[in-house]
Each structure stands twice: as structure tokens, then as C-alpha cells.
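A.B. asks: only geometry, no sequence info:
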């Protein structure tokens, strides 16, 4: 059996939906969905229902797109309530989320038991250069190159006063859980946003970095005994090593970001 990962499925795009439908069954393997599956709870449910029969188990973490609430959308929760709606859709289907207990990988890897830890950490604009870190300065710096992130309009932090405050709360709540798990096991850390600033590659939009993570997690791969780390968000697939820990960017992306002749199966990354 294998632990596989894919993110940024963006099922609002027809080529992506068709590619997911065409994925072959891998009934012994687990699949991590590392965020940005859809812009809606309904779209997430659609994707989960499509993928559940193909894999032994699904694990999901939210991306920014799942947290979006469009002004023209039917009445929906915002912020924490929206996240709760997404978690509920997963739990109805037996899909593991960051709100569930971390799970042990059923097979030993090099003689070790590994624990799989889905995370939801958000971002706090600190991935901007030092002189531009912080919400107002980071947004102004990005705007100088024409970048205006949709999150500023569509991703609401309610009841927190800001996205940064929500991020701080998620980091503070998650660290003790990881510390307890790391006492007994090495971990596979799964988050939509990259855990380190030096993993961010944004060739087309270099000043989008403020919306890509938090510096609070820069050392989490060492602090919490990571065997591997998984993220998406960047639409730039890559494998990186930091302190001998493997970081996998596992995005599919928008139709322009992948070769449709190869199919989605080509872009699934093997983690374990």
C-alpha cells in the first residue's frame, strides 16, 4: 500500500473534473487531498464522492479556496463556521480532517511507526520580505506589481478579527498536538500552505508570497520529527530536502498548470 497525495484539484474546471473521474482505482492506497479541492462545500462533496470508491482512505486539509464565500453564493457560513461545514461534509463520508485524531500509517517504514498529521494553519503575511511583513505593508507591496489576492475579499476570518489572528490561533492549537504525537512517532505533516518560506516558488506572481504561509512553522519539520511534509497551493510541483526531510509540493492546479494528455494520475505524488 502507498500514501499518495494531490492538491489544488479545482473541480470547478471541467478538465479537472474529467481527469479525476478518469483516475484508476487504487483500492489499497490512501490519498491525501492537500487543499483547494473546490471553491464550495458542494464541490468538495462532489470530489470526495468521486474519489472515495477509488481509494482505501481519503485525508483532507483545507486550502484558501474552500474557505472562500462568494457574495453571490447561497447563504453560507463564514470563517470558522465555513470550516466546520467543510469538516462536516468530510466526516459524513469518513474522510479524515485536521479536527480528527492523527492516524498511524498501517505499515512500518524502515522499521518505524509513522503518524499522519493533517493540519490547518493558514497564513499571516510574514512570508513577505522583512521590510514588507504585516498585513497592510504586504498587501501594498504586492499591489505595486498588480497582485490583488482574492482572499482579501472572499476569505473571511469570523469570528477572529483578522486572518492573521485566525492563523495564530490555529498554530497555537496545533503545536501541542504535534508535540504529543512526536514523543512517540515520526510524523508526516500535511498542510495546504508550505511550512517554510524558502519553498515558495512563484515565477508568474512573485509578490503573492504574503498569502503563502507563516514563519511560525519554519522549524516544524525538526521540532516535530517530520519524516516528510506535504503541501500544495503554489501550483509548482517540486521535491525539496531541508535537514534531510523531504518536502513535497503536490498540486495539480488549473488546466493551464498541467498537461491534460498525461491525465491526473501522472501528477499524484507518492509520499510513503
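C.D. replies: Noted; the coordinates are in hand. Computed from a predicted model, the values in this text were never measured in an experiment. Numbers count the residues shown, from 1 in each chain.
A.B. asks: List the contacts of residue 203.
C.D. replies: By C-beta atoms under 8 Å, 6 or more residues apart in numbering, the residues touching residue 203 are residue 236. C-betas here are computed from N, CA, C, even on glycine.
A.B. asks: where's it, which helix or strand?
C.D. replies: Here residue 203, judged by DSSP states H and E, is contained in no helix and no strand.
A.B. asks: Residue 252 against residue 11, yeah?
C.D. replies: No. In terms of C-beta atoms under 8 Å, residue 252 does not count as a neighbour of residue 11; the distance is 10.0 Å.
A.B. asks: the more surrounded of those two?
C.D. replies: Between residue 252 and residue 11, residue 252 has the larger neighbour count (other C-beta atoms under 10 Å), namely 25 against 20.
A.B. asks: Look up how far residue 103 lies from the more buried one.
C.D. replies: Distance, residue 252 to residue 103, using C-beta to C-beta, to the nearest Å: 24 Å.
A.B. asks: do the same with residue 56
C.D. replies: Here the criterion is C-beta to C-beta. By it, residue 56 lies 12 Å from residue 103.
A.B. asks: Over to residue 133?
C.D. replies: 35 Å.
A.B. asks: ok, residue 106 - contacts?
C.D. replies: residue 1.
A.B. asks: how close does it sit to residue 177?
C.D. replies: 21 Å.
A.B. asks: One more: residue 65?
C.D. replies: 25 Å.
A.B. asks: and these two? which has more neighbours close in?
C.D. replies: residue 65 (24 against 15).
A.B. asks: what sits against that one?
C.D. replies: Contacts of residue 65 by C-beta under 8 Å, 6+ apart are 10, 35, 36, 37, 38, 39.
A.B. asks: thought the second one was touching residue 190?
C.D. replies: So the one you mean is residue 35. No. Using C-beta under 8 Å, residue 35 makes no contact with residue 190, being 9.1 Å away.
A.B. asks: Common neighbours of the two, please.
C.D. replies: Common neighbours of residue 35 and residue 190 (criterion: C-beta under 8 Å, 6+ apart): residue 61.
A.B. asks: who's more crowded, the two?
C.D. replies: Taking neighbours as other C-beta under 10 Å, residue 35 and residue 190 compare with residue 190 leading, 30 against 27.
A.B. asks: For the stretch 101-250 of the chain, just list every one of the helices.
C.D. replies: 135-143, 151-154, 163-182, 220-223 (DSSP state H, counting those that start in this stretch).
A.B. asks: With respect to residue 237, which of these lies nearest?
C.D. replies: Smallest distance to residue 237 across those (C-beta to C-beta): 19.0 Å, for helix 220-223.
A.B. asks: in that closest one, what counts as buried?
C.D. replies: By neighbour count on 16 or more other C-beta atoms under 10 Å, the buried set for helix 220-223 is 220, 221.
A.B. asks: Give the other helices and strands that it contacts.
C.D. replies: Counting contacts by 3 or more C-beta pairs under 8 Å, 6 or more residues apart in numbering; DSSP states H and E, helix 220-223 is packed against helix 163-182, strand 226-231, strand 245-249.
A.B. asks: Determine the set of other helices and strands touching the following helix or strand past the shortest one.
C.D. replies: Right, strand 245-249. The helix or strand immediately downstream of strand 245-249 is strand 269-270, counting by DSSP H and E. Using 3+ C-beta pairs under 8 Å, 6+ apart as the contact test, the elements touching strand 269-270 are strand 3-6.
A.B. asks: Kindly recompute the last result at 6 Å.
C.D. replies: Contacts defined by 3 or more C-beta pairs under 6 Å, 6 or more residues apart in numbering; DSSP states H and E place strand 269-270 against no helix or strand at all.
A.B. asks: Now do the contacts for residue 13.
C.D. replies: residue 255 (C-beta atoms under 6 Å, 6 or more residues apart in numbering).
A.B. asks: go on, residue 164?
C.D. replies: residue 124.
A.B. asks: repeat for residue 67
C.D. replies: Contacts of residue 67 by C-beta under 6 Å, 6+ apart are 82, 155.
A.B. asks: What's the separation between it and residue 104?
C.D. replies: Residue 67 is 29 Å from residue 104, by C-beta to C-beta.
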